[in-house]
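In: show me how the following folds:
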Amino acid sequence: MLVVAGALAISACGKKAPAQLPPEPGPATSSSSGGGDMGMGPVAGSQADFVAKMMGADTIYFALDKYDVDAEDQQALGRQAQWLMQYPSKRATIEGHADERGTREYNLALGERRANAARNYLISLGVEASRLNTVSYGKERPIALGSDEASWAQNRRAVTVTID
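Out: Residues are numbered from 1 along each chain as shown. All right, here's what the predicted structure looks like:
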């Protein structure tokens, strides 16, 4: 008797199939008005569009304890400035980073100098200063976690991120 009552209780909790199943998923569509590949790809003027167009030039790298913008950085920042001029309502934040060596305070100050160096160069190319913010993360947001020169070189950077 106890077994029958238990079986009834369990069967009462069972899931029932829905009366109507949802339609099969179709091909992905995009409602972007970015043109190009018939709605495929990132929305024009979005952060994804910025990253796609920059092809790595959204990040510039620095030598140990340096914050000067070299010729390679100038090319990358030139591409960023062109994109930003194409979308005059877009704003950007430039994130300054440092490797793990040094104190937290030193690396925050170095990250700030790196972000400001990139910002100042973008301004010199015609991007309005009011559209550019900076933030320093110091050594708090490494992109490479190793404790070797190759990892440190990747972490000494300034990254431009567009915002709405």
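In: what does the lengthiest helix in the chain contact?
Out: With DSSP state H setting the assignment, residue counts place helix 104-124 as the longest helix in the chain. Applying C-beta atoms under 8 Å, 6 or more residues apart in numbering, the contact partners of helix 104-124 are 60, 62, 65, 67-69, 73-74, 77, 80-81, 84, 92, 94-99, 102, 129, 132, 134-140, 156-158, 160. Where you see a C-beta, it was placed from the backbone N, CA and C, and this is true even at glycine.
In: that one: what's the following helix or strand?
Out: Once helix 104-124 ends, the next helix or strand along the chain (criterion: DSSP states H and E) is strand 132-138.
In: contacts for the helix or strand following that following strand?
Out: Where DSSP H and E defines the elements, the next helix or strand beyond strand 132-138 is helix 149-155. With C-beta under 8 Å, 6+ apart as the test, helix 149-155 has contacts from 61, 64, 97-101, 139, 142-145.
In: mind running it again at 10 Å?
Out: Around helix 149-155, the neighbours that count as contacts under C-beta atoms under 10 Å, 6 or more residues apart in numbering are 59, 61-64, 97-101, 107, 137, 139, 141-146.
In: chain center to it, what's the gap?
Out: In terms of C-alpha atoms, centre = their mean, to the nearest Å, the gap separating the centre of helix 149-155 from the centre of its chain is 19 Å.
In: alpha carbons of that helix, as CSV, please.
Out: Coordinates of the C-alpha atoms in helix 149-155 are reproduced here as CSV (Å, rounded to 0.1, in the frame of the first residue of the first chain):
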residue,chain,number,x,y,z
GLU,A,149,59.2,39.1,-19.8
ALA,A,150,56.8,37.9,-22.5
SER,A,151,53.8,38.2,-20.1
TRP,A,152,55.0,41.5,-18.6
ALA,A,153,55.3,43.0,-22.1
GLN,A,154,51.7,42.2,-22.9
ASN,A,155,50.5,43.8,-19.6
